[in-house]
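A.B. asks: no FASTA, just this:
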Ligand SMILES: [Zn+2]
């Protein structure tokens, strides 16, 4: 089968290279079930909602093809873009003419709605054209654009038609003309477009998209946009990114911003970007992350709280924050090769993210608290999973991640293949191919059988999660390298060779880490708590309802 690159394809500066979406075929276990349910139930439900929610009708209004009032929020377009991305990645997994037909149909509506100068945002075109780019602090115009860019990259890589990319490029070129060469120094109140512009640069090779992403990252924290009413921390506009020590404000914005910051490091080699992002990651893991890997302690502002402010019952832990955390951790893993990012990715995936969707794929949580109290007044709206939301940022975000999950399981390098997440299936990369048999995460035994390997020296690297106290490889006690991987490097691999990894799934308490005394405004913790990382063991997802509410 043809190689199909996944959502993030960094330059050769990356220590580890992502495998293609079809290079990991998951055939069993929870991830396979999620992907099946996503395809059979969630995505069809999402496609139907693109009409009912107003996402497509709003764009037809912008195109002058339909009357009536604008429906929904100002960022309603982004629901369609995330849905398009989900469909494109699903098409990459298993081609379906219904998917390409939907993408073509939506692209035609978008092309009709797009202004001749490339601008595209149904809310501002229909409701207040006089305010275009005049209220960036809350307009979400670049946020929406970012999601269109990501959808177009996905459609292009997936071979799902070639009509979306020209629309996205015209919009990206318009952003370049206004915000890079046109003298407008504004940034969007909701970070997202940065990582998207860089991926479009990776796809097209156009340096202007990278330059604009760099300018937007550099301009944040300089007070170049007004306060939206939520304070500058809400949009991470309180400090330049290289100076901020801890994640603050709206959690999803912070986490998307971090994905863009690491992407920018990967393309430019600017070490100060990687350094500041790692610094905030360490502080987040030590002081602002739930045992489930969830982020966001406050309903007010959908925000990170203070250090150690982690109420279990009032946890916000938005599903979108779990998706964004996975994006950030994946980029840090590619940039550094360190298994601690794959550890956190796993913890988020099997806990905060897993809780977001009902077993039948029909209902979704907006928020994911650790404890549900029936007497909380917020339960009136947030108390149960819902099929859709007025602010529906989460459901299509969940769908695009599940459709592209295969790309997050393994990487390759000149040395060979690295397995980061364990699931039953077949994985190719680094010149080799292995079959993985396991009932993980319910059982710690992972059997890797080589199906194909290069004739010369070849390395198989297995992540040893930091929570596994005693790990065996082929019945020998295995000590991972300090980066968290156990490497088997040798010549003469033959088809049928097996490696048996046995992870320690013994239950262990995960007490909160001790508070550390702060010194002035310096960061509280230089290293993530080992105890917190031990909590990586996934919780068996429960059946039944959970809460649900706004990006
Ligand atoms: Zn959301």
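C.D. replies: Arrived safely. This one's a predicted model, so the numbers in the text were calculated from it and none came from an experiment.
A.B. asks: Skip the chain neighbours and tell me the closest residue to the residue most central in space within the chain.
C.D. replies: By C-alpha atoms, centre = their mean, the mean C-alpha position of the chain lies nearest to residue 327, the distance being 3.2 Å. Using C-beta to C-beta, 6 or more residues apart in numbering and skipping the chain neighbours, the partner closest in space to residue 327 is residue 259 (4.4 Å). No exception for glycine: its C-beta is placed from N, CA and C like everyone else's.
A.B. asks: Following element in sequence after the stretch of helix or strand that neighbour belongs to, please.
C.D. replies: Using DSSP states H and E, residue 259 falls within helix 251-268. Downstream of helix 251-268, the first helix or strand assigned by DSSP H and E is helix 271-287.
A.B. asks: Now do the strand or helix carrying the residue nearest to the centre of the chain against helix 271-287, angle only.
C.D. replies: Counting by DSSP H and E, the element that carries residue 327 is helix 319-336. Per axes from the mean of the first three to the mean of the last three C-alpha atoms, to 10 degrees, the angle that helix 319-336 makes with helix 271-287 is 130 degrees.
A.B. asks: burial count for the closest residue to the ion within the stretch 51-200 of the chain?
C.D. replies: Going by C-beta to the ion, the ion is nearest to residue 82 of the stretch 51-200 of the chain, at 9.7 Å. Per other C-beta atoms under 10 Å, the neighbour tally for residue 82 reads 29.
A.B. asks: Ok, the one 4 residues further on next?
C.D. replies: By the measure other C-beta under 10 Å, the count of residues near residue 86 is 29.
A.B. asks: just residue 510 next, same as before
C.D. replies: 16.
A.B. asks: before we move on, what SS does it have?
C.D. replies: coil (DSSP: H, G, I helix; E, B strand; the rest coil).
A.B. asks: what's the neighbour count on residue 11?
C.D. replies: Residue 11 has 13 nearby residues by other C-beta under 10 Å.
A.B. asks: ok, now residue 488?
C.D. replies: With other C-beta under 10 Å as criterion, residue 488 counts 17.
A.B. asks: Would you quantify the distance from it to residue 311?
C.D. replies: Residue 488 sits at a distance of 44 Å from residue 311 (criterion: C-beta to C-beta, to the nearest Å).
A.B. asks: do residue 497 as well
C.D. replies: Residue 497 is 50 Å from residue 311, where distance means C-beta to C-beta.
A.B. asks: which bits of the stretch 301-450 of the chain sit near the ion?
C.D. replies: 318, 320, 393, 394 (C-beta under 5 Å from the ion).
A.B. asks: so which two of those are the farthest from each other?
C.D. replies: 318 and 393 (8.2 Å; C-beta to C-beta).
A.B. asks: Mutual contacts of those two, please.
C.D. replies: Counting by C-beta atoms under 8 Å, 6 or more residues apart in numbering, the residues touching both residue 318 and residue 393 are residue 252.
A.B. asks: When these two are compared, which one has more neighbours?
C.D. replies: Higher neighbour count among residue 318 and residue 393: residue 318, with 30 against 23, using other C-beta under 10 Å.
A.B. asks: How about the contacts made by the more buried one?
C.D. replies: For residue 318, the contact set (C-beta under 8 Å, 6+ apart) comprises 251, 252, 296, 302, 366, 367, 368, 394.
A.B. asks: Once you drop chain neighbours, what's closest to it?
C.D. replies: Spatial nearest neighbour of residue 318, chain neighbours left out: residue 296 (5.4 Å); criterion: C-beta to C-beta, 6+ apart.
A.B. asks: hang on, residue 268 packs against residue 214?
C.D. replies: Yes - counting by C-beta atoms under 8 Å, residue 214 is a contact partner of residue 268 at 6.8 Å.
A.B. asks: So these two - more neighbours on which side?
C.D. replies: residue 214 (20 against 16).
A.B. asks: For residue 417, pull up the helix or strand it's in.
C.D. replies: Under the criterion of DSSP H and E, residue 417 resides in strand 416-419.
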